[in-house]
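S.K.: I would like the atomic coordinates for the input below:
(one chain, ligands or ions: 2)
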Amino acid sequence: MNPVPLKNADPAHSGVRTVSVLGATGSIGDSTLDLIRAEPERYRVEALTGNANVAGLAKLAKEFNARFVAVADPARLGELRAALAGTAVECGAGESAVIEAGARPADWVMAAISGAAGLKPALAAVDRGTTVALANKECLVCAGDFFITRAAAAGAQILPADSEHNALFQALASGNRHELTRVIITASGGPFRTWAAADIEQATLAQALKHPNWSMGQKITIDSASMMNKGLEVIEASYLFALTPDEIDVLVHPQSIVHGLVEFADRSVVAQLGAPDMRIPIAHCLGWPDRITGRAAKLDLAKIGQLTFEAPDFTRFPGLRLAYDALRTGNGATTVYNAANEVAVAAFMAQKIRFGAISRLVEDTLNSWVRAGNLAPLGSADDAIALDHQARNLAATLLPQIAAKAS
Ligand code: NAD
Ligand code: MG
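M.R.: Ligands and ions are numbered 1, 2, ... in the order given. This next block holds a predicted model:
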């Protein structure tokens, strides 16, 4: 008998893995630690970080016997130290401590801080040439291809943890780059998939936070409702896999079972499927290049019965169109897109603007940026961080008139 060969496990990866989780107190952090908790003998936890939830962070630090913990709020250091008194856990606070957590020696780092705030800590990990599981799409969208360039220069391995990109990463392994014709990322369509534009305009915070399939942090849940999340993911796919906007398609798939598909020149389409549970792509990153035992439910397609697909609606969900526009414009436009969206989502959560105004603020900020003749190639990741700040200021300036304007 001559069986079809399967990939052999890499013995170099069979030892104990030192891991750090940036954004440990969040939804992705929780899923990551759930996998680590299941096989404690495989991992040693170096660093954990959180934003302001000291009690939650201290509890995790004790449970996982972390060497270092950092809370982003600099005023919380005393509280963190008190919560960890009598343990050997080193404590830090403030942005520099969160960056230090990324720089600490670990074989594998989960980058799961939300928003552009995750960029510098993720870069600190990348610069050490380690393996970085990247959940934080905003940092990639903000820093453009510099993030990837820095990773390549340092010899770091980026593993896409976002479910769609992880699916593409897995499917891409079945062909060569020059044989690829396009990739497709799926979108659930969010809670407003079937809503009329006028109703989407008036949607409340509670309605936007009700995702049909995925349980996630608040920012990404709102981005899913506006489909800005899919816009960020189109940009993310472009930078991760060096794809042009024309090579990336979005397909609405309400069941969230097929996550990403790759079409090759021979017209084969290779897809990755799984339950909508982030522990699946995270387990793939955690085990890579091997496979570990997962914690999510097994996929039962007979029980699911039907998988359906529809084309995305760029009119009711202008955030998706704007992402393609920003990607085609280049020269920092995706940084502006992300920054304006972060300002808009914060304003919506603070009930300062309507749901429909999120995409209007992003569009106005982008247009105003382009009209002012500000487009220029980004020279470095630091340029991206500076542009991120400028774009946030511009969006904040435009916010009052957007808030005042009825649709
Ligand atoms: P979350 O809000 O649940 O958690 C965010 C984490 O970042 C928390 O630990 C929080 O304390 C920390 N944080 C927030 N602001 C910070 C700051 N200024 N400085 C330092 N730490 C800060 O978010 P999440 O859903 O876990 O998402 C995290 C990232 O992963 C996001 O970029 C998101 O787009 C991406 N992602 C999430 C999912 C998901 O299913 N949740 C899926 C794909 C990608
Ligand atoms: Mg995703």
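S.K.: For the rest of this, base every contact and every neighbour count on C-alpha atoms.
M.R.: Fine.
S.K.: the domain parsing of the chain - what is it?
M.R.: For the chain, the TED database gives the domain ranges 17-160, 163-318, 330-406.
S.K.: Ends of stretch 209-228, what's the gap?
M.R.: Stretch 209-228 has an end-to-end distance of 14 Å (C-alpha to C-alpha, to the nearest Å).
S.K.: Please point out which parts of it sit buried.
M.R.: Buried positions in stretch 209-228, judged by neighbour count with 16 or more other C-alpha atoms under 10 Å: 209-211, 213-216, 218-228.
S.K.: swap in stretch 83-94?
M.R.: Using 16+ other C-alpha under 10 Å as the test for burial, stretch 83-94 gives 83-84, 89, 91-94.
S.K.: Residues in contact with the lengthiest helix in the chain: which ones?
M.R.: Longest helix in the chain by number of residues, with DSSP state H as the criterion: helix 381-404. Outside of helix 381-404, the residues within contact range by C-alpha atoms under 8 Å, 6 or more residues apart in numbering are 142-144, 146-147, 332, 335-336, 339-340, 343-344, 352-354, 357, 360-362, 364-365, 369, 378.
S.K.: What about those, which are in helices?
M.R.: Judged by DSSP H, helices contain the following of the contacts of helix 381-404: 142-143, 146-147, 335-336, 339-340, 343-344, 357, 360-362, 364-365, 369.
S.K.: which ones among those residues come in contact with ligand 2?
M.R.: Counting by C-alpha under 5 Å from the ion, nothing from those sits close to ligand 2.
S.K.: Using CSV, list the CA coordinates for stretch 357-376.
M.R.: Presented in CSV, the C-alpha positions along stretch 357-376 are these (Å, rounded to 0.1, in the frame of the first residue of the first chain):
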residue,chain,number,x,y,z
ALA,A,357,-23.4,58.4,11.0
ILE,A,358,-20.4,56.0,11.6
SER,A,359,-19.8,55.5,7.9
ARG,A,360,-20.5,59.2,7.1
LEU,A,361,-17.8,60.3,9.6
VAL,A,362,-15.4,57.8,8.0
GLU,A,363,-16.3,59.0,4.5
ASP,A,364,-16.1,62.7,5.4
THR,A,365,-12.7,62.2,7.2
LEU,A,366,-11.3,60.4,4.2
ASN,A,367,-12.6,63.0,1.7
SER,A,368,-11.4,65.9,3.8
TRP,A,369,-7.9,64.2,4.1
VAL,A,370,-7.7,63.7,0.3
ARG,A,371,-9.0,67.3,-0.5
ALA,A,372,-6.4,68.8,1.8
GLY,A,373,-3.7,67.2,-0.4
ASN,A,374,-2.4,65.1,2.5
LEU,A,375,-2.0,61.9,0.6
ALA,A,376,1.6,60.7,0.9
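S.K.: got a list of contacts for that stretch?
M.R.: Residues outside stretch 357-376 that contact it (C-alpha under 8 Å, 6+ apart): 201, 226, 318-319, 322, 326, 331-333, 336-337, 340-341, 344-345, 348, 391, 394-395, 398-399, 402-403, 407.
S.K.: Filter those down to the buried ones.
M.R.: Among those, those buried by neighbour count (16+ other C-alpha under 10 Å) are 201, 226, 318-319, 322, 326, 331-333, 336-337, 340-341, 344-345, 348, 391, 394-395, 398-399, 402-403.
S.K.: near ligand 1 at all, stretch 254-268?
M.R.: No: under the criterion of C-alpha under 6 Å from any ligand atom, stretch 254-268 makes no contact with ligand 1; the nearest approach is 11.4 Å.
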